[in-house]
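Participant: following is a predicted model, sequence given first.
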Amino acid sequence: MSATIPSSVVVFQALSQTQAPSAAVLEELKQQSGFQRAFFGVKMEEPETGILCTEWSSVAKAARGLYCSSSLGAHETLAFAVPQAWSSVLSGPCTEVFTAFGAEDGFVENVRRFVGAVDDNPPEGYRGAAVGEGVGLTDGDGNGNGNRGGENEKLVRMVIGWTSREAHLEAKGQPGAIQDNIHELRVLRKAIDLFHVKFKAL
């Protein structure tokens with residue numbers, strides 16, 4: 001797998017709550033060095049699970065900032081190195097979040113080819129996409145949050161903006177760029193997870 005040269009790190013945390021973190025918790029997060037922005041939304045497929053998404057300037061600063069703000073109580077934390085900000089995709093009416101676990105060499109290139117093909121022939125309701133590679137969250141002092149994308153398992157995450165969840169479901173069921181290129185996502189990985197969420201900037 002080729003290495004992503006990150007301009008930032010995007011962290012997704014699954015929370016057992018449907019409301020955004022309190023103002024006090026958010027203020028604590030925003031005061032951490034390297035913090036850039038935050039979004040929150042509820043999984044459409046699991047309405048009891050909230051997703052907090054934060055963007056940081058580096059892996060070490062993300063690890064340190066979230067370690068110092070451990071009151072979030074996340075039951076899963078996944079971090080991704082990204083070559084550009086994801087805010088434009090995350091700020092749409094609906095975000096599709098696709099994760100591949102156990103990705104092999106070449107898979108991230110497959111995902112990028114898929115995104116390129118859909119960008120070139122976008123279906124109705126499509127608002128753009130972005131790709132990131134999983135990173136372990138630790139700082140120089142060994143502090144951090146567990147991440148399934150550490151040394152033993154490669155993760156790749158693709159986020160796609162849609163006008164609605166229904167627009168995505170309709171697009172993948174029709175002939176076009178998605179059906180023509182979906183094979184790129186079906187090889188060189190072990191398992192996948194997919195959900196939709198409507199993020200709100202915090």
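Facilitator: Here it is on my side, so go on.
Participant: show the pLDDT at residue 197.
Facilitator: Looking at residue 197, its pLDDT reads 98.
Participant: and the longest strand for this protein?
Facilitator: strand 126-135 (DSSP state E).
Participant: I'd like to know which elements that strand is packed against.
Facilitator: strand 76-82, helix 87-90, helix 107-120, strand 155-162 (3 or more CB pairs under 8 Å, 6 or more residues apart in numbering; DSSP states H and E). All C-beta atoms are positioned from the backbone trio N, CA, C, and that covers glycine.
Participant: average pLDDT for it?
Facilitator: The model assigns strand 126-135 a mean pLDDT of 95.
Participant: out of the helices and strands packed on strand 126-135, which gets nearest to residue 183?
Facilitator: helix 107-120 (8.6 Å; CB to CB).
Participant: and that closest one, which residues are buried?
Facilitator: 107-108, 110-112, 114-115, 117-118 (16 or more other CB atoms under 10 Å).
Participant: that one to strand 126-135, inter-axis angle?
Facilitator: 170 degrees (axes from the mean of the first three to the mean of the last three CA atoms, to 10 degrees).
Participant: just checking, what packs against helix 107-120?
Facilitator: Going by 3+ CB pairs under 8 Å, 6+ apart, helix 107-120 lies up against strand 126-135, strand 155-162, helix 177-181.
Participant: so how far is that helix off the chain centroid?
Facilitator: 16 Å (CA atoms, centre = their mean, to the nearest Å).
Participant: what comes into contact with that helix?
Facilitator: For helix 107-120, the surrounding residues in contact (CB atoms under 8 Å, 6 or more residues apart in numbering) are 1-2, 4, 100, 126, 128-131, 133, 154, 156, 158, 160, 177-178, 180-182, 184-185, 187-189.
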